[in-house]
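K.L.:
Whatever this is, show me its structure:
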Amino acid sequence: MGRVFVAGSINMDVVATADRHPKVGETVAGKQVLYFPGGKGANQAVAAARLGAGTTLIGRLGQDSFGAELRTFLRAQGIDLGYLQKTADVHTGTAIITVAEADNTIVVIPGSNALVSADDVAVVPLLKGDVAVSQFEIPLPSIVAFFHRAREADAVTVLNPAPAQKMPGELLALVDVLVLNETELGFLAGVELSDSDEAARIIEVARNLQARADQTICVTLGKRGVLALAASEEIAVPGRAVNAVDTTGAGDCFVGALAAQLADGIALRAALAFANVAASISVQRMGAGPSMPTAAEVAAVL
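P.N.:
As a prediction, the model looks like this:
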């Protein structure tokens with residue numbers, strides 16, 4: 001069984017809950033304020049670790065109270081923190097999240113995440129069979145360096161290009177498995193996509209985005225499930241109807257679960273179904289990192 005190596009962001013999520021989101025310029029009364037470990041990198045690492053994968057997180061924390069709390073939480077999940085660095089004079093990454101009507105808005109302040117460097121990822125001991133995961137909350141040159149390192153080791157590369165931004169062709173060509181939602185797919189492909197588009201349309205756009213003939217593109221569609229283009233094979237995984245209370249981190253749960261399955265040598269179709277169930281469990285709980293399910297919880301649903 002391979003290991004999962006996640007190079008990415010680590011944030012403290014400051015969550016305000018309310019009955020509805022405020023309009024521009026409006027103030028609404030909130031219900032409560034909550035503090036949750038988060039950041040796309042940390043969320044994905046927690047998901048992989050809770051699902052049984054040996055997991056290493058590469059990133060940076062500030063030398064502040066949020067940084068200390070996050071380190072304690074991540075260590076408690078069984079994640080290897082040997083490549084997690086403290087950064088003086090820079091605050092730990094922070095996300096300000098408003099949750100209302102089961103949907104969220106998020107403002108992310110990168111802090112120490114913006115200082116994750118190519119040198120940070122160059123020394124990671126990747127091996128064949130491992131899975132290297134990253135997202136767009138650390139600098140793109142660092143992701144490129146991380147994936148070059150992974151390809152040299154014959155490890156599988158998984159990229160979650162969120163929050164969406166344009167990326168160089170060099171990076172896309174290094175990706176074995178691209179995991180994104182329909183909005184991010186449309187952004188990268190330069191077309192308009194919405195949650196009402198038919199599966200055939202989404203697959204067509206994914207096919208046009210493929211950088212290599214053997215590249216896999218997984219499109220998460222929330223309640224509608226998952227569509228994937230694996231080389232030339234099309235895979236559809238139906239969604240699950242659940243009572244969602246907080247969708248924060250659902251995509252990260254999917255990515256971490258998929259990485260854990262791939263590291264365990266599970267075939268893609270089964271891995272996608274497993275990850276889809278894991279994400280559906282996570283949205284039924286508050287918070288990002290703490291909402292990630294265990295392997296036993298996913299197995300109970302499957």
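K.L.:
can we go C-alpha only for contacts and neighbour counts from here?
P.N.:
OK.
K.L.:
Please, where are all the helices along the stretch 1-150 of the chain?
P.N.:
With DSSP state H, counting those that start in this stretch, the ranges of helices along the stretch 1-150 of the chain come out as 40-50, 65-76, 118-122, 140-152.
K.L.:
Return the distance of the first one from the chain's centre.
P.N.:
Relative to the chain's own centre, helix 40-50 is displaced by 8 Å; criterion: C-alpha atoms, centre = their mean, to the nearest Å.
K.L.:
and it, what's its mean pLDDT?
P.N.:
Here helix 40-50 scores 96 as its mean pLDDT.
K.L.:
So what angle separates the directions of that helix and helix 65-76?
P.N.:
Inter-element angle recorded for helix 40-50 and helix 65-76: 20 degrees (by axes from the mean of the first three to the mean of the last three C-alpha atoms, to 10 degrees).
K.L.:
excluding its backbone neighbours, what's nearest Ala273?
P.N.:
Val237 (6.2 Å; C-alpha to C-alpha, 6 or more residues apart in numbering).
K.L.:
Verify the stated contact: that neighbour with Lys223.
P.N.:
No: counting by C-alpha atoms under 8 Å, Val237 sits too far from Lys223 to count as a contact (10.7 Å).
K.L.:
Compare these two (neighbour count), which wins?
P.N.:
Taking neighbours as other C-alpha atoms under 10 Å, Val237 and Lys223 compare with Val237 leading, 18 against 15.
K.L.:
residues making contact with stretch 284-293?
P.N.:
15, 36-38, 42-43, 46-47, 50-51, 242-250, 253, 278-279, 281-283 (C-alpha atoms under 8 Å, 6 or more residues apart in numbering).
K.L.:
same deal with stretch 168-186?
P.N.:
Taking C-alpha under 8 Å, 6+ apart as the rule, stretch 168-186 contacts 143-144, 147-148, 151, 156-162, 164, 192-195, 202, 205-206, 211-212, 214-221, 255.
K.L.:
Tell me the buried residues in it?
P.N.:
Residues 171-172, 174-186 are the ones in stretch 168-186 that count as buried (16 or more other C-alpha atoms under 10 Å).
K.L.:
nearest to Glu26, of the residues you listed?
P.N.:
Nearest to Glu26 out of these is Thr183 (C-alpha to C-alpha; 26.9 Å).
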